[in-house]
Structure formats: C-alpha cells, structure tokens
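# Quick one: sequence and predicted model below, then my questions.
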Number of protein chains: 2
Amino acid sequence: MSAEIICVGTELLLGNIVNTNVQYLAQQLADLGIPHYYQSVVGDNPERLQQVIKVAQSRASILIFTGGLGPTPDDLTTETIANLFDTPLLERPEIVRDIAEKFAQRRRQMTPNNRKQALLPEGAEILPNPSGTAPGMIWQPKKDLTILTFPGVPSEMRRMWEETAVPYLKSQGWGEHIIYSRLLKFWGIGESALASKVASFFELQNPTVAPYAMEGSVKLRVSARADSEVSAIQLIKPVAKQLQEIAGLDYVGADEATLASVVGELLRDRGETLSVAESCTGGGLGAMLTEIPGSSAYFRGGVITYSNVVKTSLLGVSQEILAQLGAVSEPVAQQMALGVKEKLDSSWSLSITGIAGPEGGSAYKPVGLVYIGLAAPDDSVEIFEYRFGEARDRATIRYISACHALDRLRRKLLSDS
Amino acid sequence: MSAEIICVGTELLLGNIVNTNVQYLAQQLADLGIPHYYQSVVGDNPERLQQVIKVAQSRASILIFTGGLGPTPDDLTTETIANLFDTPLLERPEIVRDIAEKFAQRRRQMTPNNRKQALLPEGAEILPNPSGTAPGMIWQPKKDLTILTFPGVPSEMRRMWEETAVPYLKSQGWGEHIIYSRLLKFWGIGESALASKVASFFELQNPTVAPYAMEGSVKLRVSARADSEVSAIQLIKPVAKQLQEIAGLDYVGADEATLASVVGELLRDRGETLSVAESCTGGGLGAMLTEIPGSSAYFRGGVITYSNVVKTSLLGVSQEILAQLGAVSEPVAQQMALGVKEKLDSSWSLSITGIAGPEGGSAYKPVGLVYIGLAAPDDSVEIFEYRFGEARDRATIRYISACHALDRLRRKLLSDS
C-alpha cells in the first residue's frame, strides 16, 4: 500500500512554475506515514496522462492528482480518469449551485464553461473546494485503488487536503503509524558550521536528524516514527532540546515559528511595541511582521522612506548628513530608527537602509551594503553593517536584510530578559 | 524523439526540498526545442529506479538524471543504470586525479568513498563537474537512447548543463528548432471568462495558446516552434496582439511584466510619483513596488499605519470617524490616501485598509472586506470596496489587496492618457 503523486500541467513541463504542490503533498504523506515512492509530472494530454495512470496504478494504491480541474478545454484530468475506468461523468447539482454562489459573491458572471467543473465520474465523492470553483474528488474506481484529485492552485489544494483529504485518509486507517517531524529553524549560522556542531546526531535512527539549508536560513528536521503523535513527540523532544542548547541564540524556533513570530511573542510578553523605518526593503519588513495574525498587538506601523526627501520630512533625518554621507550610512540608519520610534511612539524600532541593486553600487558602497539600526526603549541605538555581496540578487538582499533586522531584535530581546 | 527528466533522491519524496532542478531543466529543454512530456521522481532505491528507467526508455530517447552521484552508499544512480544495461563499471583515472586535486585545493583529505565517484559504465563519456567532485556522464547504452547524468546540487548541475550538455545536444542537431513562449498576464478577469472570450485561439497549432490561473492572476501562454527566436517571435507577435486587444484593460503585460512594473513604467513616462498608506497589507504594497529595480524614480515611499493612533498622528485621519465607522471604512481609506499624498508630496497615492483575518471579522464587516483608495493629482479620491470572502486566507487576502490597488492605478493611468 503506497501513494503516488501525479501532477498534471503543461506549465510544469515548460518550466514556467516550480512545483511546490508536490513538496507539500510529499511532506503530508510522510506525516501520515503513507509510503510514497514515485512522483510523476505529465502535460495536459489525455493519452499521456492515461499512460502515467496505468503505470502508477500498477505500483500504488492511492493516486493523488494535482492540476487540470479548471474550466478550460485543456483541463482534462477528471474526464481522462473517468475514461480510463470506463465510467460516465455526471453533473452534480450541488457543485453547480456552489460555483454559482461563488460567482455571485465575487460579483462576477458565471460562464457556461464553469459547468464543466461540476462533472464527476459516477460513484465519486465530491472533495469540496471552499476557496475556489474547482472541486476535487475521492473515488475508488476499483478494489484497492483510491483516487484523490486537487486543483493546481496551491492555496486551494492545501486547504482541501487539510479539511477533507486528511480526515478521509485517517478514516481509512492511515496516520496510525506516523512519521512525525519537527523542523528546527536557525538563523545566523551556516549549514556546515551547524552540521559539524551536531554531527553525532546524524547517526540517530529514531528520531533521525537531517539538515537542510535555504537562502540564509538553516533547518534541521527531526523525524520520529511512532504509533501516535504523542509518542513521536516524546522521542523528538529530548533530541530537539539538546540541539537547541547546542545552537544557543542561533536557534530561532520550531515548525511554524518564524523570526517575525518569535519577535512578536517576545514583544507581546513584555507588553512592548515596535515600529520600522524601511528604505531598501520598501515595506518588506513590515509585511513580514504583519504576516502574523494579531500582530497589531505590538506592531504600530512604519514609514517607507524610499526617497531622501521623505527621510527628512517624515523622520527628521539630517539633510546635511544625507548630502555628505549618503542615504546608505550609519548615521542615517541611526536617525531613521530614532525618528520612527519617536513619531510612532513605540518601545523599539528597526531601520534598514542599503543598496539592493542591481544598480546603484560603487567601489566604496557596493551592492549588498546594508545598515540596520535597532533603537531601544532608552533611545540607545545599535547599528549593524552587512555586506551581502554583489553576487546576491535584489530579491535575496531585500529578503535577508529584513530577516537580519528581525534577528537583531530577537537576540537583543532574548539577552535583555 | 523526446527527453524525460528523472530526479533521484529520497529527500524529494520526503518533501524536504523543492525540486528546482526539474524546473530549470524543463526550461532548458524548451529553449533547445527538445520535446519533453514526462518527469519522474524516485528515491535512492535501485529496484524502483530501474523500474522508472524501464518505463522512461520506452517513451523517450534522451534520459536526463539528477541526483544520486555522490560518494555515500545511498548514491546509486550510476551503478543502477550500468546494471540495467549489463555494463561493467570502470574506474576512470582522470576522475580520480581531478577529485584528488579538488580535495588538495580545499585542504581536505580525500576519503576512500570518493573513489566511487570515478566509476562510470564502460563506453560512457565523462560529463565534467568543474565546481564539485561528482562528475556526470553522457552515455548511449543502446541505439536511440542517450543518458545524461548530473549531481543534485543545483549550482553544479546548472554549470555542467551549460558548459557540456548544451554543446553536446546542439552537436546532435538539437537547438535548431526551438520552442519559444511568451506569457501574457491579465488582472481583473477570471480564467473562465477570459477563456470564453478567446476560445477560438485554443485551436491554433503554431503558435499554441493555453491558459492557466494562479492566485487571482490569469495567464495565457503563447508558444511557437520555429527555427530561431526571431521567427518564433514573428509567429507569436500577431497572436499576442489580438489577445491583448480582446482583453482590453484586463491585459497587464508579457513575461517579466508585473502590475508593479507596468504601473512603474506608466508613472515614469508621465514623470509622476506615487506614495502608499497601508493598513492590512502592512508594507506588502510598498514591497511589491520596490521589487522593481529603479523604482525610486517614481515611488516616494509610504506609511504603514497598522495602529489607529498612527493613522491619526501621521496621516491626519479623523479620530471621530475612526471611532464612529472604524478603521475599515470608506472615509478612512479616503483620508489615508489624501494624508499620505500630502505628507509625501506625490502625484498619486494608494491606500489600503481591510480585514485580513483570520480574526477581527464581524457580520457587518466580514474577513476579506477591503477598501482601496486612489488619490489623483487633483486630490480627487476614488474608493473601491472589495469583499474577498472569508474563505480566503490571510496571506491571499493581503496579496490580492495589494495587487488590486496597483491594478486600480494602472487602469486609471491607462484610461487617463
């Protein structure tokens, strides 16, 4: 008994998009303890899709499809599956009603081709799509074969997976022997440096510990196989604790924790507030902070000072200093931090000014030079200089600048308490 | 004649990493005009890998492997391929020398397991790896079947692809007929509505036209097969132009164009500037605008008014109105837009105030209710009310709010010119 993931979409074959759906589903299958040995990608072509399904059903008993459920003629997943199992498609009135309602809510006209999305093979159950118009299905076309279909839009697919597919799979007995993982997140340490500190943990059998690195952030996945989540957590906990102790302040948090959520919790616990002044990140730091629901409890807001005039008019940054030292300089970062803290009357503030590139660098101030200012409740300001290097692209420099700003505040709050 | 990509690695089955290699290779194959209909992922398991290769060689004549070339016992790609074609592995002295040199350069000791990487099937050519220790191979184990192998490390794989695989494939006659695509982007129209407007285009053979939808945005991919990029573009151009005309203002731009880049170009052409006042998006609109290099030419900055106090103190929003009507209301959106326009002295301004959820909604003001304000150079303000629905998650509501704000300004600038 194993599952196979089949992603349908010519855009995947043309390399137009990264297949994040398959990664999500792979993690979810691991969480449920469902073995999963193959993934296939095929275009919007019925013959080739049928061929993939034939191979897949010979080696797996659960086939999970993403993509090809839309209203257009090249969305062929449902009818191709139905044809392969010689089953007629039936229009489901409840789906037609649901689609009509969603169009009405969004004040748009339902077009005739949307009715196509209401067709499911006879005997298939509807897998409801609360956020979109393309429902999926759960269908057993024959003994020992279950088919689940999802649209390709990631947010719709994920919600349908969580709300309907997971309960269904659990009702079928999956999730009893589970693989449960905790993802430990670190900031401010490289993958190889962390790996050499914790090398002995990579030999463990249950839980296992495996590293991986992404854009500045390093993660360790601690995975246990057990009868229940509770027993898995018991296996994981002591190992996670040891890893956390070894990493010290470089450890950020586990699973859903982000630099922004950890900073938010620390501020909330202290009853303190934060404001931001952003230049090269242009609002990205504020966006990161406000990703967290309830962040209005501690985040007061900020100022995006993308032009020098605004640095002066809104935050009182000295025109002389801007003229003499330029916007990307230590004193400007300092004045931005103090200015926004005062204007927005917050306990703490962060400022960022830098050169995100690709243009605007010089020998003296290369692309990737970033100053971060951190103003404390007593109006003392610390300035941190980063040189992220000209090889990094604009998006990466902006992203890691905002992360480092949050990390500086995180470390300060932790060592301050 | 077509290619198939086979990615080997248990980490892909566990969902530990996103498979960016396959997207890169897919794009590269399209650029070379090599048809590519299937992608497969399989773990570090020789039996299952053999099974995948058997299926793949029955439908493709070029098999491209990534992963499983490393020195550890679970790196099995090369020997599994050799076994399947009953060919012995031979140690290549030039690879051993190359690995030894690289270890010496890095001042590390070469370990015995690295010699494993010097084994290639008899008759296979070395596909050199300039940046790592795992070389790949180019091998024709039988007539009409070519195998190329690459390590899984993206930077190594890409360099090997560009430096050796592309010249090799061109020497085999590929790259003469290329597939070239243009991606047309739309906003403000649903996938099904657009599809029914342009349905006749889906019948075209060269170029082909295919739709796909992502998070609020709808795209049409126009792909031509031709001898050269120039002739492909000649085929695409008239079709793209017709599609653009049919879509009217719903057409945003092609390829790299985004709502933010299009708005930026329009503002730059007019010599006008923009500022933003953000509540529920928390900086996301500013971040979108400043993703564009050179955006400082027209984007002055903004204010993130995440708390009501800041709406009043920085933007002069009336305390009475906040108390009576709440922050998520038409007059507040209006005062935010006017306030930031005046403070930052810009030609135009955009404001966003809404309920991103998951908390904070009520029967009267549900999650997903968003007001967007657009202030024009003459200080007239238009307000747009959106009800994105409680079904959408916080991240989506925030993202599409920022997109709709940009879209409103885009339409205004286009119809104003």
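Cool, the structure landed. Numbers count the residues shown, from 1 in each chain, chains lettered A, B, ... in the order given.

# Could I get the contacting residues of the closest residue to A:Gly339 other than its chain neighbours?
Closest residue in space to A:Gly339, ignoring its immediate chain neighbours: A:Leu315 at 3.0 Å, by Cβ to Cβ, 6 or more residues apart in numbering or on different chains. C-beta coordinates here come from the backbone N, C-alpha and C atoms, glycine included. For A:Leu315, the contact set (Cβ atoms under 8 Å, 6 or more residues apart in numbering or on different chains) comprises A:Ala277, A:Val303, A:Thr305, A:Gln335, A:Met336, A:Gly339, A:Val340, A:Lys343.

# Any idea what the third one is bridged to?
By that I understand A:Thr305. B:Gly301 (DSSP bridges).

# correct me, but it touches B:Gly301?
Yes - contact criterion Cβ atoms under 8 Å: A:Thr305 and B:Gly301 qualify, at 5.0 Å.

# shared neighbours, those two?
With Cβ under 8 Å, 6+ apart as the test, A:Thr305 and B:Gly301 both reach A:Leu314.

# who does the helix or strand hosting A:Thr353 pair up with?
A:Thr353 belongs to strand A:348-354 when assigned by DSSP states H and E. When pairing is defined by DSSP bridges, strand A:348-354 lines up against strand A:274-278 (parallel), strand A:369-375 (antiparallel).

# The contacts of A:Leu315 into CSV, with extra columns for neighbour count, secondary structure and distance to A:Ile64?
Output for the contacts of A:Leu315, formatted as CSV (neighbours: other Cβ atoms under 10 Å in any protein chain shown; DSSP: H, G, I helix; E, B strand; the rest coil; distance: Cβ to Cβ, whole Å):
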residue, neighbour count, secondary structure, distance to A:Ile64
A:Ala277, 34, strand, 46
A:Val303, 33, strand, 47
A:Thr305, 31, strand, 48
A:Gln335, 24, helix, 55
A:Met336, 31, helix, 49
A:Gly339, 24, helix, 53
A:Val340, 31, helix, 48
A:Lys343, 22, helix, 52
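
# Would you mind giving the residues you listed as JSON lines with distance to B:Gly123 and pLDDT added?
Listed next are the contacts of A:Leu315 as JSON lines, based on distance: Cβ to Cβ, whole Å; pLDDT from 0 to 100:
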{"residue": "A:Ala277", "distance to B:Gly123": "64", "pLDDT": "98"}
{"residue": "A:Val303", "distance to B:Gly123": "66", "pLDDT": "98"}
{"residue": "A:Thr305", "distance to B:Gly123": "64", "pLDDT": "96"}
{"residue": "A:Gln335", "distance to B:Gly123": "69", "pLDDT": "98"}
{"residue": "A:Met336", "distance to B:Gly123": "65", "pLDDT": "98"}
{"residue": "A:Gly339", "distance to B:Gly123": "70", "pLDDT": "97"}
{"residue": "A:Val340", "distance to B:Gly123": "67", "pLDDT": "98"}
{"residue": "A:Lys343", "distance to B:Gly123": "72", "pLDDT": "96"}
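
# how about those residues in JSON lines, adding distance to A:Glu385?
Shown next, in JSON lines, are the contacts of A:Leu315 (distance: Cβ to Cβ, whole Å):
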{"residue": "A:Ala277", "distance to A:Glu385": "17"}
{"residue": "A:Val303", "distance to A:Glu385": "22"}
{"residue": "A:Thr305", "distance to A:Glu385": "19"}
{"residue": "A:Gln335", "distance to A:Glu385": "16"}
{"residue": "A:Met336", "distance to A:Glu385": "15"}
{"residue": "A:Gly339", "distance to A:Glu385": "20"}
{"residue": "A:Val340", "distance to A:Glu385": "20"}
{"residue": "A:Lys343", "distance to A:Glu385": "25"}
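
# mind checking the SS state of A:Asp378?
coil (DSSP: H, G, I helix; E, B strand; the rest coil).

# Could you report the pLDDT at it?
For A:Asp378, the pLDDT comes out at 97.

# And it, its phi and psi?
For A:Asp378, the backbone dihedrals are phi -90, psi 10 (criterion: degrees, to the nearest 10).

# For it, grab the count of nearby residues.
6 (other Cβ atoms under 10 Å in any protein chain shown).

# Residues of the stretch 101-250 of chain A that sit close to chain B?
Residues of the stretch 101-250 of chain A lying near chain B by Cβ under 8 Å from any Cβ of the partner chain: A:102, A:105-106, A:108-114, A:130-131, A:133, A:152-155, A:159, A:210, A:212, A:221.

# returning to what we had before: centre of the chain to the strand holding A:Thr353, how far?
24 Å (Cα atoms, centre = their mean, to the nearest Å).

# Pairing partners for A:Val218 in the sheet, please.
A:Phe186, A:Ala213.

# Neighbours of A:Glu256, how many?
9.

# would you list the strands paired with strand A:348-354 in CSV and tack on distance to A:Gly173?
As requested, these are exported to CSV (distance: least, Cβ to Cβ, whole Å):
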stretch, distance to A:Gly173
strand A:274-278, 48
strand A:369-375, 52
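
# Single out the most deeply packed of the ones you listed.
Most buried of these, by mean neighbour count (mean count of other Cβ atoms under 10 Å in any protein chain shown): strand A:274-278, with a mean of 32.

# Phi and psi next, for A:Met137.
Torsion angles, degrees, to the nearest 10, at A:Met137: phi -150, psi 160.

# Enumerate every residue touching it.
A:Met137 touches A:Thr78, A:Leu120, A:Pro121, A:Ala124, A:Glu125, A:Ile126, A:Leu127, A:Ile147, A:Leu148, A:Thr149, counting by Cβ under 8 Å, 6+ apart.

# Which members of those residues occur in helices, if any?
Among these, the residues falling in helices (DSSP state H) are A:Thr78.

# how's chain A carved up into domains?
A:3-171, A:178-254, A:259-416 (automatic domain parsing).

# so which of those domains is the most packed in?
Buried most deeply of the domains of chain A, by mean count of other Cβ under 10 Å, is domain A:259-416, with a mean of 21.

# so how far is the first residue of that one from its last?
17 Å (Cα to Cα, to the nearest Å).

# quick check, distance from stretch A:183-197 to the centre of its chain.
On Cα atoms, centre = their mean, the centre of stretch A:183-197 falls 19 Å from that of its chain.

# A:Ile99 touches A:Thr133, doesn't it?
Yes - judged on Cβ under 8 Å, A:Ile99 makes contact with A:Thr133 at a distance of 4.8 Å.

# shared neighbours of these two, which are they?
Common neighbours of A:Ile99 and A:Thr133 (Cβ under 8 Å, 6+ apart) are A:Asn114, A:Gln117.

# What part of chain A, helix or strand, is modelled with the least confidence?
strand A:208-214 (a mean of 73; mean pLDDT, DSSP states H and E).

# circling back to that earlier point, please export the C-alpha coordinates of the strand holding A:Thr353 as CSV.
The C-alpha coordinates for strand A:348-354 follow below in CSV (Å, rounded to 0.1, in the frame of the first residue of the first chain):
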residue,chain,number,x,y,z
TRP,A,348,11.6,49.6,20.0
SER,A,349,12.3,50.4,16.3
LEU,A,350,14.2,48.9,13.5
SER,A,351,15.6,50.8,10.4
ILE,A,352,17.0,49.4,7.2
THR,A,353,19.0,51.4,4.6
GLY,A,354,21.0,49.7,1.9
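
# How much space separates A:Ile34 from chain B?
According to Cβ to the nearest Cβ, to the nearest Å, A:Ile34 and chain B sit 11 Å apart.
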